[in-house]
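Student: I'll drop the sequence and a predicted model, then ask my questions.
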Amino acid sequence: MQADLHIHTTYSDGLDPPEKIVALAESAGLGAIAITDHDTLDGVMPAVTAAELQQNLEVIPGIEVSSEYDGEEIHILGYLIRLNHEELLDKLSLFRTSRVDRIKKMIQKLRNLGFDVDLDRVLEISGSGSLGRPHLAAALVETGAVKSNAVAFDLYIGAGRPAYVPRYKLTPAEAIQLIHSAGGVPVLAHPGLSRSLHPGSNRSLQLLGELKAAGLAGLEAYHPAHDPEQAARLVSLARANGLIVTGGSDYHGPEHPAGCRLGSNTVPCSVVADLKKMA
């Protein structure tokens, strides 16, 4: 059976609740899924509870931690996280507080530009999910200031735009160490999207060396953004460096701009067993 090890729910920026994710995974015939919401563990237990009604589906507790390297955002997946780990929960609480502070600052910038955006409405849009720029973009669309979320990012809230405010982030090494402290297995998410990992570059070798030294355990080779050539290169890179090869759909929901189908990118369930050996 196959495993999809990169899935987002409504507890971060996904469009489907955990219970629906479990039903979709069961319908797709998957043997295991990992709930890997951005900087939150809140979607894991609802999925675990829903999966208890299924006989053939295992839910892996996971997370996708945001970090930054040389001005570029780097995401680290953590698998088999201990959900009650105090240090991790404290850090995630700090992430939540910083997200709210950031959106407040961005709203003030938008108001200075003449846009009537309300924090309460942005919070309503985010619901139980991790507050972020997509929710602010949706609020801008509602006011009629822009026609789409993409336009909101392009003109106002994307990096370098007039209402942009940087988000609090860890370094990749700090994210890896945090995952390890919570008993998890850290894996570099969608490395093919990172300019810092351009094949053969000194920058790539330096970053990978730093991540391995910090305790990186794997590379996500199979991802919708990776073509077959990239995936093969990443598999070779992982094997050459003694790293486990993982993969997942990075599913956010059927109507999400990424448009990836749950189960579209998978790995054998034996990978889950390998992760457990490393936890």
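Tutor: Structure received.
Student: which residues touch stretch 73-82?
Tutor: Defining contact as C-beta atoms under 8 Å, 6 or more residues apart in numbering, one finds that stretch 73-82 is touched by 5-6, 34, 36, 41, 44, 60-68, 88, 169, 172, 175-176, 178-179, 182-190, 194, 196, 216, 220, 246, 275-276, 279. Where you see a C-beta, it was placed from the backbone N, CA and C, and this is true even at glycine.
Student: ok now it, how far from the chain's centre?
Tutor: On the basis of C-alpha atoms, centre = their mean, to the nearest Å, stretch 73-82 sits 8 Å off its chain's mean C-alpha point.
Student: For it, buried residues please.
Tutor: Within stretch 73-82, the residues that qualify as buried are Ile74, His75, Ile76, Leu77, Gly78, Tyr79, Leu80, Ile81, counting by 16 or more other C-beta atoms under 10 Å.
Student: Now do the domain split for the chain, please.
Tutor: As assigned by automatic domain parsing, the chain contains the domains 2-83+172-278, 91-157.
Student: related to what we said a few turns ago, helices - which of the buried residues of stretch 73-82 land there?
Tutor: Per DSSP state H, helices hold no members of those.
Student: Would you point out the most distant pair within the residues you listed?
Tutor: Ile74 and Leu80 (20.7 Å; C-beta to C-beta).
Student: one step back: sitting in helices, which of the contacts of stretch 73-82 do you find?
Tutor: Per DSSP H, these map to helices at Val44, Leu88, Pro172, Ala175, Ile176, Leu178, Ile179, Leu275, Lys276.
Student: and Asn241, how many residues sit next to it?
Tutor: 14 (other C-beta atoms under 10 Å).
Student: so it touches Lys212, yeah?
Tutor: Yes: contact criterion C-beta atoms under 8 Å: Asn241 and Lys212 qualify, at 6.3 Å.
Student: re earlier: take the ones in helices among the contacts of stretch 73-82 and lay them out in a markdown table including neighbour count.
Tutor: Output for the ones in helices among the contacts of stretch 73-82, formatted as a markdown table (neighbours: other C-beta atoms under 10 Å):
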| residue | neighbour count |
| --- | --- |
| Val44 | 23 |
| Leu88 | 22 |
| Pro172 | 26 |
| Ala175 | 28 |
| Ile176 | 27 |
| Leu178 | 23 |
| Ile179 | 28 |
| Leu275 | 24 |
| Lys276 | 12 |
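Student: Tell me the pLDDT of the nearest residue to Leu77 once chain neighbours are set aside.
Tutor: Using C-beta to C-beta, 6 or more residues apart in numbering and skipping the chain neighbours, the partner closest in space to Leu77 is Val187 (4.4 Å). Looking at Val187, its pLDDT reads 98.
Student: how near is Val187 to Ala145?
Tutor: The gap separating Val187 from Ala145 is 38 Å, by C-beta to C-beta, to the nearest Å.
Student: ok, those two, which is more surrounded?
Tutor: Neighbour totals were compared for Val187 and Ala145, and Val187 leads with 34 against 19 (other C-beta under 10 Å).
Student: Sitting in strands, which of the buried residues of stretch 73-82 do you find?
Tutor: Using DSSP state E, the members of the buried residues of stretch 73-82 that fall within strands are Ile74, His75, Ile76, Leu77, Gly78, Tyr79.
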